[in-house]
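>>> sequence-free structure coming up:
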């Protein structure tokens, strides 16, 4: 444990009061941004995307499952992967228990990936999840949203000679090579179904996904925080792999 400032209870309470005021400002700002998200213009989805599900082929409108709102987490699990991305798997651990609560608010939450549906369902069973998972194999769904990349787009990164160790690590943990791993990208997209028309209402990726990474919010409140500075390899593992970590 690193050295840290030691103080009295009175000093702690004074500093905590100052911090609380800043935390409340952040909460109010977050509420303002949430309102701005809801005010984004809705875009009609005109392409006829098709998805393979455990119940057969479905359209995007079918995925709402009788509700008016749909959240899709774009899970990095490409066709050559042997297992889902480790980071996406940690996110799915947060998503899965929230599905029932979202349904109570007229929201369906699913995951989508480009791997074959049988491979996705087998991995879901391994992880113990129950959310709906669809395959976009043969569809441009991920590509059109910016979550799938071409060889030409990736060439500067792959030939730059400076691939981060964490990327190589995550590719290996997914049972694939770096080019195949980085072809995929994570993301979250949101949709509304109104009068038979599907509208895209929101898209995010990168740190915009942190609300679905509950462990980071908790680590931010632990004494050492995320404590990732200087680490060459990512600490995350699938939840059934921590016991095997070397």
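Arrived safely, thanks for sending. In this text, all values refer to a predicted model and were calculated from it rather than measured experimentally. Residues are numbered from 1 along each chain as shown.

>>> What lies in contact with the helix or strand of the chain with the lowest mean pLDDT?
Using mean pLDDT, DSSP states H and E, helix 151-158 stands out as the lowest-scoring helix or strand of the chain, at a mean of 92. Helix 151-158 is contacted from outside by 163, 178, 179, 182, 183, using C-beta atoms under 8 Å, 6 or more residues apart in numbering. Every residue, glycine included, has its C-beta placed from N, CA and C.

>>> Check stretch 190-199 too.
Outside stretch 190-199, the residues that touch it by C-beta under 8 Å, 6+ apart are 42-45, 60-61, 64, 67-72, 200-203.

>>> Could I have the buried ones of those as PyMOL selection syntax?
The following PyMOL line selects those of the contacts of stretch 190-199 that are buried, judged by 16 or more other C-beta atoms under 10 Å:
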select buried, resi 45+60+64+69+70+71+72+200+201+203
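
>>> that older thread, from the contacts of helix 151-158, which single one is nearest residue 133?
Residue 133 lies nearest to residue 183 out of the contacts of helix 151-158, by C-beta to C-beta, at 19.1 Å.

>>> What about the closest one, how many residues nearby?
21 (other C-beta atoms under 10 Å).

>>> Make 8 the first number, not 1, from now on.
Will do, 8 is the new start, and the previous item becomes residue 190.

>>> What are the phi and psi values at it?
Dihedral angles of residue 190 (phi, psi; degrees, to the nearest 10) stand at phi -60, psi -30.

>>> List the buried residues for stretch 114-129?
Residues of stretch 114-129 classed as buried by neighbour count (16+ other C-beta under 10 Å): 114, 115, 116, 117, 118, 119, 120, 121, 122, 124, 126, 127.

>>> Now the two most distant members of the residues you listed.
Farthest pair in those, by C-beta to C-beta: 114 and 126, 26.6 Å.

>>> show me where pLDDT drops low in this structure?
The model of the chain has pLDDT under 70 over residues 251-253.

>>> Which neighbouring elements make contact with the longest helix belonging to it?
The helix spanning the most residues in the chain, taking DSSP state H as the definition, is helix 16-45. Helix 16-45 sits against no helix or strand, with contacts defined as 3 or more C-beta pairs under 8 Å, 6 or more residues apart in numbering; DSSP states H and E.
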